[in-house]
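Q: Provided below for reference: sequence and predicted model.
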Amino acid sequence: MPRFGKRILAPRDGITAARLRAPGGSATHAQRDDPVPASVGEWLAEVVLPRTLGREQAFGAIPIGPAYFTGPGELTDQEGRRVALEDPLIPGGFYVFHKPVLPERRVPFEVRIVHEDADLLVVDKPHFLASTPNGLFVRECVVTRLRVERGEDDLVAIHRLDRVTAGLLALSRRPSTRGAYQRMFQERGMRKTYRALALLPDGWREGDPLPLGAERGEEVVYRSRLVKRDGQRQVEEVPGPDNAVTGIRLLRTFAHAGRRVAEFRLAPYTGKTHQLRVHMNALGLPLMGDPVYPVDTDPDPYDFSHELQLLAAELAFRDPFTGAERRFASGLALDAARA
């Protein structure tokens with residue numbers, strides 16, 4: 001029987017093992033009707049390497065062939081057995097292995113612990129550090145770092161922040177309670193609020209109008225339809241039913257470098273990629289330090305000179321086990337001079 005709810009292969013250096021599924025079998029999946037190779041080695045050589053791992057860019061000069069999987073990759077079947085290249089392939093079976101991971105330059109910013117208990121770890125994520133393994137950053141992300149530093153292979157992020165956004169990130173520490181916290185987030189039971197800095201239009205003066213009447217200091221709501229297209233970093237607004245809703249409240253304005261800057265409280269009532277950044281840009285109030293909106297500058301991921309002025313400032317939710325209201329506040333701050 002497949003061990004779907006159990007870890008088959010423990011993380012290595014804090015990095016979760018990758019999972020593959022063989023073609024065939026009786027269960028419904030994308031490759032169920034594909035031919036089933038006779039052996040594990042044949043499957044790796046003819047299917048996995050050319051069709052799946054052949055698209056990966058992160059292996060660099062590391063040579064990877066079928067022997068890698070059963071050697072350093074520790075290829076293991078769904079029952080926890082190490083397999084050999086000559087073993088017959090289990091139709092529809094799950095296999096896990098450790099991908100080769102290149103060395104990475106350290107992102108020179110630290111994660112700060114805001115709260116910890118038996119079930120949760122809440123941290124302040126710095127700008128430029130990814131939340132979870134993603135693309136170029138596998139070792140240099142919050143989850144991998146904390147797994148290694150704390151010796152906690154069970155740490156999993158309950159939600160995500162963009163790499164260039166700073167602030168509060170919640171992580172689950174125990175598989176036995178993780179599902180309840182993940183469901184709470186998926187069902188929008190976790191309330192997140194952000195702080196953001198945006199340049200106001202040239203010549204704007206105190207009392208002048210802002211989009212949606214935001215100059216009054218009351219929350220206004222912006223809605224639109226957002227689409228993320230494959231191969232494109234920018235998220236687009238398109239015609240159609242709304243799927244992204246943001247609450248926007250002006251907190252204050254101040255002078256900086258000869259311009260007026262506004263600090264806003266932003267509440268994402270939906271969770272679309274780049275939602276806050278796209279909505280503020282659509283209103284003519286792009287966030288300071290944003291490398292993608294309104295113009296994608298194709299930033300060097302190791303250029304730390306300009307910080308996006310967007311901070312996940314507060315997390316609040318009713319605990320699914322105790323029913324207690326829980327609230328956390330970031331210890332980080334926005335800084336227009338760093339944009």
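A: Okay, I see it.

Q: the helices in the stretch 51-200 of the chain, which residues?
A: With helices called from DSSP state H, counting those that start in this stretch, the stretch 51-200 of the chain shows them at 66-70, 142-150, 175-186.

Q: how close does the closest residue to Gln309 other than its chain neighbours sit to His274?
A: Nearest non-adjacent residue to Gln309, counting by C-beta to C-beta, 6 or more residues apart in numbering: Leu197, 3.7 Å away. Yep, even glycine has a C-beta here, placed from its N, CA and C like the rest. Distance of Leu197 to His274, given as C-beta to C-beta, to the nearest Å: 17 Å.

Q: of those two, who's got more company?
A: Per other C-beta atoms under 10 Å, whichever of Leu197 and His274 has more neighbours is Leu197, with 23 against 20.

Q: surely that one and Leu287 touch.
A: Yes: between Leu197 and Leu287 there is a contact under C-beta atoms under 8 Å: 6.8 Å.

Q: now the common contact residues for those two.
A: Gln309 (C-beta atoms under 8 Å, 6 or more residues apart in numbering).

Q: mean confidence score for the strand ranked longest in the chain?
A: Counting residues, the longest strand found in the chain (DSSP state E) is strand 244-256. Across strand 244-256, the average pLDDT comes to 97.

Q: in stretch 260-279, what counts as buried?
A: Under the neighbour-count criterion of 16 or more other C-beta atoms under 10 Å, stretch 260-279 has 260-268, 272, 274-279 buried.

Q: let me know the average pLDDT across it.
A: Here the average pLDDT along stretch 260-279 is 97.

Q: quick one: end-to-end length of that stretch, please.
A: Terminal residues of stretch 260-279 lie 20 Å apart, using C-alpha to C-alpha, to the nearest Å.

Q: and if you look at stretch 233-242?
A: OK, stretch 233-242 end separation, C-alpha to C-alpha: 21 Å.

Q: direction included, what does the longest strand of the chain pair against?
A: strand 220-228 (antiparallel), strand 259-268 (antiparallel) (DSSP bridges).

Q: what residues sit buried inside the shortest one?
A: I take that to be strand 220-228. Neighbour-count burial for strand 220-228 [16+ other C-beta under 10 Å]: Val220, Tyr222, Ser224, Leu226.

Q: closest one to Arg82 out of those, please.
A: Leu226 (44.8 Å; C-beta to C-beta).

Q: list the beta-bridge partners for that closest one.
A: Glu237.

Q: surely it meets Gly240?
A: No: using C-beta under 8 Å, Leu226 is not in contact with Gly240; the gap is 9.8 Å.

Q: neighbours of the closest residue to Gly65 other than its chain neighbours, how many?
A: The shortest distance from Gly65 to any non-neighbouring residue, by C-beta to C-beta, 6+ apart, is to Leu49 (7.1 Å). By the criterion of other C-beta under 10 Å, Leu49 has 16 neighbours.

Q: adding distance to Arg173, write the strands paired with strand 244-256 out as JSON lines.
A: Output for those, formatted as JSON lines (distance: least, C-beta to C-beta, whole Å):
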{"stretch": "strand 220-228", "distance to Arg173": "31"}
{"stretch": "strand 259-268", "distance to Arg173": "25"}
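
Q: of the ones you listed, which is nearest Arg81?
A: Nearest to Arg81, of the strands paired with strand 244-256 and by C-beta to C-beta, is strand 220-228 at 39.4 Å.

Q: tell me who's in contact with Ser39.
A: Ser39 sits next to Leu85, Glu86, Asp87, Pro88, Leu89 when contact means C-beta under 8 Å, 6+ apart.

Q: how near is the first one to Val48?
A: The one in question is Leu85. 12 Å.

Q: for stretch 29-48, list the C-alpha coordinates in PDB.
A: The C-alpha trace of stretch 29-48 is given here as PDB (Å, rounded to 0.1, in the frame of the first residue of the first chain):
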ATOM      1  CA  HIS A  29      -3.200   9.900 -12.900                       C
ATOM      2  CA  ALA A  30      -1.700  11.600 -15.900                       C
ATOM      3  CA  GLN A  31       0.500   8.700 -17.000                       C
ATOM      4  CA  ARG A  32      -1.900   5.900 -16.200                       C
ATOM      5  CA  ASP A  33      -2.300   4.900 -19.900                       C
ATOM      6  CA  ASP A  34       1.300   5.200 -20.800                       C
ATOM      7  CA  PRO A  35       3.400   2.100 -21.500                       C
ATOM      8  CA  VAL A  36       5.100   0.700 -18.400                       C
ATOM      9  CA  PRO A  37       8.900   0.100 -18.900                       C
ATOM     10  CA  ALA A  38      10.100  -3.300 -17.700                       C
ATOM     11  CA  SER A  39      12.700  -2.000 -15.200                       C
ATOM     12  CA  VAL A  40      13.400   1.000 -13.000                       C
ATOM     13  CA  GLY A  41      16.600   1.700 -15.100                       C
ATOM     14  CA  GLU A  42      14.600   1.700 -18.400                       C
ATOM     15  CA  TRP A  43      12.000   4.100 -16.900                       C
ATOM     16  CA  LEU A  44      14.700   6.500 -15.700                       C
ATOM     17  CA  ALA A  45      16.600   6.500 -18.900                       C
ATOM     18  CA  GLU A  46      13.600   6.700 -21.300                       C
ATOM     19  CA  VAL A  47      11.000   8.700 -19.400                       C
ATOM     20  CA  VAL A  48      12.200  10.500 -16.300                       C
END
